[in-house]
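> next one to model:
(chains A and B)
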Amino acid sequence: MSRLLQKIGFKENRYDRPNQEWTCGNAGIPCQECPNGPTKRGKCVATTQCLPILKNDRYQCNRTQSLGGQCEQGPFPDGSCCHTIKQCVPERNLRGLRKRWCYISVAVTMIFILFVIFHEADNEIINPGALTSAHAVSTSSCQDCHAFESDGMLDAASFIDIHGRSIADSELCLDCHDMGTTSNAFSPHTQQASTLNRLTENAKASSGAIVTELASALYGNTMSHTGEIACSSCHNEHKGAAFDLTAMTNQQCQVCHTARFDSFAEGHPEFDNYPHDRRTRIIFDHNSHLKTHFVDSKFADMAPNSCQSCHQTTEDGSLMIVKSFEQSCASCHGDQIRGDGRAGDLGIAVFRLPALDTVTLDASGRSVGGWQEFAEGDLTPFMHLLLLKKAGFADVLAQLDGVDLYDLSQADDATLEAAEAYGWAVKELFFDLIMKGQEMIAVEERPELVALISQDFLVAAQEQWLPDLMEEVPQYRAGRWDANQHASIETTTDFVDTSISETALGGDDNLLSDNGDSDVLLLEDDSGGDLLLADDGDGGDEGGLLMADDRSDGDLLMADDSDEGDLLFADDNSSGGLLIDDSDDGASLFANDDTDDTTEIEAVSLPDQDKWSLFGGWYRNDNNYTLFYRPTGHSDVFLTSWINVTAEQYKQAATAKELFHELTEAKAPGLCVKCHSIDVVASTPTVNWLGAHPKPTMHNFTEFNHSAHFSLMTEQGCVVCHELNQEADYASSFEANNDPHKYISNFNMLSKGSCTSCHTASQAGDSCVKCHNYHVGERMLVLPGEQFIQAGSVSIER
Amino acid sequence: MSFTFKKRRITNISLLVIASVIAIFLCYVLRTAHLNIGIYSGLVLYGIVLFLALFNSRKKAPFLPLLKVRTWLQLHIYLGLLAVVIFFIHIGWRLPNGALESVLAAVFVIVSVSGVLGLFFSRTLPARMHQSGEPLIYERIPKHRAQLKTEMEAVVQKMVKDGDNTVLSDIYDAKLHAFMTRIPTWSYCLKSVDPAYAHVKASLLDQKRYLKTEQNEMLDEALELLETKRNLDFQFSGMTLLRRWLFIHIPFSVSLLILGLAHGILVLLYSVRI
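All right, here's what the predicted structure looks like:
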């Protein structure tokens, strides 16, 4: 049993002062406790147990009851107490100690804050959290992302204007993150306000979850006054290296949206023209191929047997792109590009000696020098384009508009003058092509535009068509051309009688002389045509009259081709050779000693140059004085480059437009547009050389990963989702229609139902960002400005 | 537990749960609205902490007609618990990893945990102390301890003198003196047994059979003093604990207010989102 220790009563207890911070150091020692206690500052003021009082002329003890009441000894005669108290060292009580702890706590805290403020590495201390890995390595200080740090201290206004500051900080984000056009960088979905307004009007207002509705109301009140959304609205940094900066809930997405819904399955709008928002870039009618061509016995063995024969996934799985032409199309269409089986010219006319009535010009004293009498046709668009660079040529063409240059007999002086300029312009073009080289053709120094045309090729044509060109043009340019003395010489090498009468028989050419080259009998005449057995050492292709060894037409003797009117030594029966004949009559005037008289000499005829150029390239046709280019095959650099160049200049130059249309005609050599569609945007055409292909910098609003869905395919393959529309008039999408968005697809559009079976919250997920991007449009990472300051060291400057 | 107390506790807990749910819901709404939860929850949290700190001031001004201290205490307790919920909302249910933020969070946790412990002690210890002897004034306990020691010495001396027996004096020197002069730690009241007390008591009881009747009465008196000392120790330990937890709670609360203010200024300075 415990006993009571504490007596209640003022007589039994001293007066305790728990509200004071100091207590007597002798509090635990009986009879030594000071009744007064220490001062507020903790000083002991103990003297005696009482202060005797003077009463009736005697000092009496007045010790308190708590200390035992009046003592037996009583005070000293001088009135002092006989019980002195031993002075103590006052102690702090709990209240005092606690107060002291508070002061220490405040001091430590303030020291810590001062340390934070003035510490050199304050960035690390006040940093509210680690940055994500990407940002951590690309930033070095707060001012990299916080604009005010670089601008100096904040003023009161900007301290309050957090939203304004957030936009200023977001501007710094653009140093590394390209968000497309700067004006729309902070617009929702990086779209223009007009676009957003239109989309908003299109959307049907509906209600979503209460959270979304409340959030939308809050969001509207806080953000709508500017219409700009700072990066930090969605991307919150300083939450650790592994924090997902792009995490976004469906409700967060819908806060801004007029049409709100609960989930993908419940309320998400039905797909609109998905996945096709435009016609295919490569014209390929699946219906006709599947139903007609692939089942045709002629092509059956080459026909693909599955979608994968022609399609493959991109690396990121976003697209099923068409395989290369060689893998998917060449087996059937490869030869068509080179023009096999094509009627007419297999190549495209690039350079031509056009028709010009030089007789009339000569008669009017406006000679343009040598010309081909039977030249025909107009300038090719290529020449047209090149000649327009010549000053005044456009006026010449304007003057000659509607004029038949083949017959100028009725032309007036102005027309004749223009025709003369026209003729010289053509000759100068040929001259410059030979002299200046490929740069004449290569617009903007694009080497692919010349297709490796050689000087020899041009010189050969010039020597054949305009043999005096190298003398005439310099004279003309020097102003020494006398039209009256230089009547145009019609170098019609096609006809023997003309050659003989004007050159071989009536001319002043030397016979049997040797010019030091390898000519045997006769040297070349003035007009360039060798007369007898000429071999000019340059290839002998200048249209020798007798026994010329070139491959050109018009040889008189021993010509080796059969269809050019050879007179002697013809090698076939049809041409009726006089001296050497391949018939069995044995008559031979210049028989070869090494040849057995009885042996039949078979002079082979050369094939047509266009047919000879099976794999494409340059070739010449002397019948129409034209230099052709035959496509080398798919992706012919020459054709594609010229099409691209003329497309770029389509709006600026009519000739470019003309050439573009010529090159992109349905039956034009190469048949480019048979498969490659042309999109016209803002009156500028673009030929789609490639099918749909991933563009890493392009971010579409909706994305789909094919690879992730392959496991869902059944034996039907891609048809599980991409159902062929057998009634679709696919071809009509490309007929007289250059708008890619007006189209009829080969396939039925996908419906939302094909996705909702799996894409629920509990299965494949139905997050908005699973399929949609917020930042849409073309953008790419921007490299910070850098500058080499020393060899081997790089400094990055903003 | 009276019905009123029980009813009050149920009511307060219900209000706390409702307030917490509303806070979490609002947090979700704010986050959905792309608003900065940190700023809003931080402002609310700092306001609550400031209000909680006023409780100490209110106790120093009992004359002010600002609700009863009892009401203030209830508000202090349940707003403190609500502050813990808002704190977790504020930090995004994750550990902060910034230096200043980590320190601040640690201080908040210390204040919160000390507060909860203080609440636990103040709800459990008084009842146990009431069962263990009389209620004492804390400041007088040293004096009582000295008084008991003196009385024990007097009893032992008398027993030795009367019985001409030195066994008790040996026990006193070996065990009893240490027990009577010991100052228990704050954790003493948390222990369910006191081995020292049991050991000393057993030693005294062992001598009972060898003592005369008069001496046995003195032994009973010594045992009574022994139990009183044990109760005194319990009272001392309990009251120490009931005061000492504030040595953590209050100083760290002051730090919390200062650090919170600095944190708020920094946040407003650097924040790019409201």
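
> roughly how far is the helix or strand of chain B with the lowest mean pLDDT from the heart of the chain?
Least confident helix or strand of chain B, by mean pLDDT, DSSP states H and E, is helix B:167-171 with a mean of 82. Relative to the centre of its chain, helix B:167-171 is centred 38 Å away, using Cα atoms, centre = their mean, to the nearest Å.

> go on, stretch A:118-133?
On Cα atoms, centre = their mean, the centre of stretch A:118-133 falls 39 Å from that of its chain.

> close to chain B, is that stretch?
Yes. Stretch A:118-133 lies within reach of chain B by Cβ under 8 Å from any Cβ of the partner chain, at A:124-130. Quick note: C-beta positions are derived from backbone N, CA and C, even for glycine.

> in CSV, list the C-alpha atoms belonging to that stretch.
Extracted C-alpha coordinates of stretch A:118-133, given in CSV (Å, rounded to 0.1, in the frame of the first residue of the first chain):
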residue,chain,number,x,y,z
PHE,A,118,24.6,32.3,-49.7
HIS,A,119,26.0,28.9,-50.6
GLU,A,120,27.7,28.8,-53.9
ALA,A,121,26.0,25.6,-54.9
ASP,A,122,22.6,26.9,-53.9
ASN,A,123,21.2,25.4,-57.1
GLU,A,124,21.6,22.0,-55.6
ILE,A,125,20.1,22.9,-52.3
ILE,A,126,17.1,24.7,-53.4
ASN,A,127,16.6,22.3,-56.2
PRO,A,128,13.2,20.9,-55.4
GLY,A,129,14.0,17.6,-56.9
ALA,A,130,16.0,15.8,-59.5
LEU,A,131,15.3,16.5,-63.2
THR,A,132,14.5,13.8,-65.6
SER,A,133,17.5,12.2,-67.1
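
> name the residues that touch that stretch?
With contacts defined as Cβ atoms under 8 Å, 6 or more residues apart in numbering or on different chains, stretch A:118-133 is touched by A:115-116, A:136, A:139, A:141-142, A:237-243, A:245, B:96-101, B:266-267, B:270.

> and the residue of the stretch 651-798 of chain A closest to chain B?
A:Tyr774 (11.7 Å; Cβ to the nearest Cβ).

> residue contacts, that residue?
With Cβ under 8 Å, 6+ apart, A:Tyr774 has these contacts: A:189, A:234, A:248, A:253.

> mind listing what B:Gly115 touches?
Counted by Cβ under 8 Å, 6+ apart, B:Gly115 has contacts B:80, B:249.

> and it, how far from A:Ser141?
39 Å (Cβ to Cβ, to the nearest Å).

> what of A:Leu97?
For A:Leu97, the distance to A:Ser141 - Cβ to Cβ - is 44 Å.

> out of those two, which sits in the busier spot?
A:Leu97 (15 against 10; other Cβ atoms under 10 Å in any protein chain shown).

> shouldn't that one be within a strand?
No. Checked against DSSP: H, G, I helix; E, B strand; the rest coil, A:Leu97 lies outside a strand; its state is helix.

> right, and it touches B:Ile250 too?
No. Counting by Cβ atoms under 8 Å, A:Leu97 does not reach B:Ile250; the two are 11.2 Å apart.

> on that earlier part again, which among the residues of stretch A:118-133 next to chain B count as buried?
Among these, those buried by neighbour count (16 or more other Cβ atoms under 10 Å in any protein chain shown) are A:126-130.

> mind listing which of those residues are in helices?
Within those, membership in helices is found for A:Ile126, as judged by DSSP state H.

> any chance of CSV for the buried ones among the residues of stretch A:118-133 next to chain B, columns pLDDT?
As requested, those are exported to CSV (pLDDT from 0 to 100):
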residue, pLDDT
A:Ile126, 79
A:Asn127, 81
A:Pro128, 82
A:Gly129, 81
A:Ala130, 83
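
> secondary structure element holding the residue of the stretch 651-798 of chain A closest to chain B?
Under DSSP states H and E, no helix or strand contains A:Tyr774.

> gap between it and B:Leu81?
In terms of Cβ to Cβ, A:Tyr774 sits 39 Å off from B:Leu81.

> and A:Ala241, by the same measure?
Distance from A:Ala241 to B:Leu81, by Cβ to Cβ: 33 Å.

> tally of neighbours for the residue in the stretch 101-250 of chain B that chain A sits nearest to?
The nearest approach of the stretch 101-250 of chain B to chain A comes at B:Pro142, 3.2 Å away (Cβ to the nearest Cβ). Other residues within reach of B:Pro142, judged by other Cβ under 10 Å, total 18.

> distance from the chain centre to the host helix or strand of it, please.
Using DSSP H and E, the element containing B:Pro142 is helix B:141-163. In terms of Cα atoms, centre = their mean, the centre of helix B:141-163 is found 32 Å from the chain centre.

> now do the buried residues in the host helix or strand of B:Thr11.
Under the criterion of DSSP H and E, B:Thr11 resides in helix B:3-32. By 16+ other Cβ under 10 Å, the buried positions in helix B:3-32 come out as B:16, B:19-20, B:23, B:26-32.

> which strands or helices does it pack on?
helix A:210-223, helix A:250-254, helix B:37-60, helix B:69-90 (3 or more Cβ pairs under 8 Å, 6 or more residues apart in numbering or on different chains; DSSP states H and E).

> how many residues are close by residue 217?
You didn't pick a chain, so chain A it is. A:Ala217, neighbours per other Cβ under 10 Å, totals 13.

> nope, chain B please
So B:Glu217, with other Cβ under 10 Å, has 12 neighbours.

> residues in contact with it?
Counting by Cβ under 8 Å, 6+ apart, B:Glu217 has no contacts.

> tell me the phi and psi of it?
phi -60, psi -40 (degrees, to the nearest 10).

> how about the residues of the stretch 201-350 of chain A by chain B?
A:211-212, A:214-216, A:218-219, A:222-223, A:229-230, A:232-234, A:236, A:238-240, A:249, A:251-252, A:255.

> show me which of the residues you listed are buried.
By 16+ other Cβ under 10 Å, those give A:211-212, A:214-216, A:218-219, A:222-223, A:229-230, A:232-234, A:236, A:238-240, A:249, A:251-252, A:255 as buried.

> go ahead and name everything in contact with stretch A:308-325.
A:282, A:284, A:304, A:307, A:327-328, A:333-334, A:634-635, A:691-694, A:703-708, A:718.

> swap that for stretch B:52-71, please
B:72-73, B:75-76, B:79-80, B:83, B:250, B:253-254, B:257.

> now swap in stretch A:757-766 and tell me
A:250, A:263-265, A:712, A:770.

> list the buried residues in that stretch.
Buried, per 16+ other Cβ under 10 Å, within stretch A:757-766: A:759, A:764, A:766.

> you'd agree the second one is in a helix?
No. Applying three-state DSSP, one finds A:Ala764 to be coil, outside a helix.

> any idea how far B:Ser14 is from it?
Counting by Cβ to Cβ, the gap from A:Ala764 to B:Ser14 is 41 Å.

> then B:Lys68?
Distance from B:Lys68 to B:Ser14, by Cβ to Cβ: 21 Å.

> please consider this matter closed, and thank you.
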